[in-house]
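S.K.: With the input below, show me the fold.
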Amino acid sequence: MSHEIRTPLNAIVGFSDVIASTYNELSDEERADFVRLISINSEHLVRLIDDILDLSKIESNTMVFNITEQPLTPLLQNILRAQQINVPQEVELLLDLPATDTIITTDPLRLKQVINNLINKFTSKGAITLGYRQNNDQVSIFVKDTGTGIDEDKMNRIFERFYKGDNFVQGTGLGLAISHTIIEHLKGTITVTSKVGE
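M.R.: Next comes the predicted model:
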């Protein structure tokens with residue numbers, strides 16, 4: 001955890017120092033690139049801290065859930081709109097929704113947290129599709145992507161705390177564990193289906 005926090009923090013401090021000490025010597029393009037790297041690492045650090053705080057709330061049983069009735073279609077549409085600025089340019093965000101809306105009983109803030117976590121996880125190019133299907137009184141929300149896939153050995157462990165399928169990818173290995181706990185609190189289930197290369 002210490003390493004995960006220090007990596008973006010060192011980048012923020014390092015690039016800030018370079019800009020401050022050599023501002024006039026840098027081209028506009030170099031300054032813009034350093035500012036972009038500072039922004040990326042700042043966002044990563046905020047996500048890490050949010051994960052750590054959520055984990056502490058879960059462990060101390062103080063995470064608050066505000067359960068309400070929620071129309072699902074506009075909730076997913078809003079999530080996708082907000083995510084447009086977060087995904088890489090090479091990734092297309094798609095919606096796959098039924099013709100008629102449905103009302104679910106959930107904590108919209110926590111459900112949004114889980115879906116955002118899934119959208120931000122695995123795909124650097126291609127498409128991510130967010131949608132849902134209803135079968136009688138059961139609703140299945142899905143996030144489907146064109147990422148690299150995951151093999152079966154790793155798939156059985158991805159909801160464990162601190163587990164990372166790829167140690168070269170940024171992250172603490174907490175996001176999916178937190179998502180799993182939130183979905184359990186919401187009386188739902190969370191599963192993964194994948195093949196390597198798909």
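S.K.: what's the following helix or strand after the helix or strand of the chain with the lowest mean pLDDT?
M.R.: Ranked by mean pLDDT, DSSP states H and E, the weakest helix or strand in the chain is helix 152-155, scoring a mean of 80. Later in the chain than helix 152-155, the nearest helix or strand by DSSP states H and E is helix 175-185.
S.K.: quick one: the least confident helix or strand of the chain to chain centroid distance?
M.R.: Centroid separation for helix 152-155 versus its chain: 20 Å, with C-alpha atoms, centre = their mean, to the nearest Å.
S.K.: can you check stretch 49-67 too?
M.R.: Centroid displacement of stretch 49-67 relative to its chain, using C-alpha atoms, centre = their mean, is 16 Å.
S.K.: Ok, stretch 152-164 next?
M.R.: Counting by C-alpha atoms, centre = their mean, stretch 152-164 is centred 16 Å from the centre of its parent chain.
S.K.: Alpha carbons of it, in PDB - could you do that?
M.R.: C-alpha atoms of stretch 152-164 as PDB (Å, rounded to 0.1, in the frame of the first residue of the first chain):
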ATOM      1  CA  GLU A 152      -9.500 -19.000 -14.900                       C
ATOM      2  CA  ASP A 153      -6.900 -19.200 -12.100                       C
ATOM      3  CA  LYS A 154      -7.000 -15.400 -11.700                       C
ATOM      4  CA  MET A 155     -10.700 -15.100 -12.200                       C
ATOM      5  CA  ASN A 156     -11.300 -17.100  -9.000                       C
ATOM      6  CA  ARG A 157      -9.400 -14.600  -7.000                       C
ATOM      7  CA  ILE A 158     -10.300 -11.100  -8.400                       C
ATOM      8  CA  PHE A 159     -12.700 -10.300  -5.600                       C
ATOM      9  CA  GLU A 160     -10.000 -10.900  -2.900                       C
ATOM     10  CA  ARG A 161      -8.500  -7.900  -1.100                       C
ATOM     11  CA  PHE A 162      -5.200  -6.700  -2.400                       C
ATOM     12  CA  TYR A 163      -5.200  -9.300  -5.200                       C
ATOM     13  CA  LYS A 164      -3.900  -7.900  -8.600                       C
END
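S.K.: Appreciated, that's everything.
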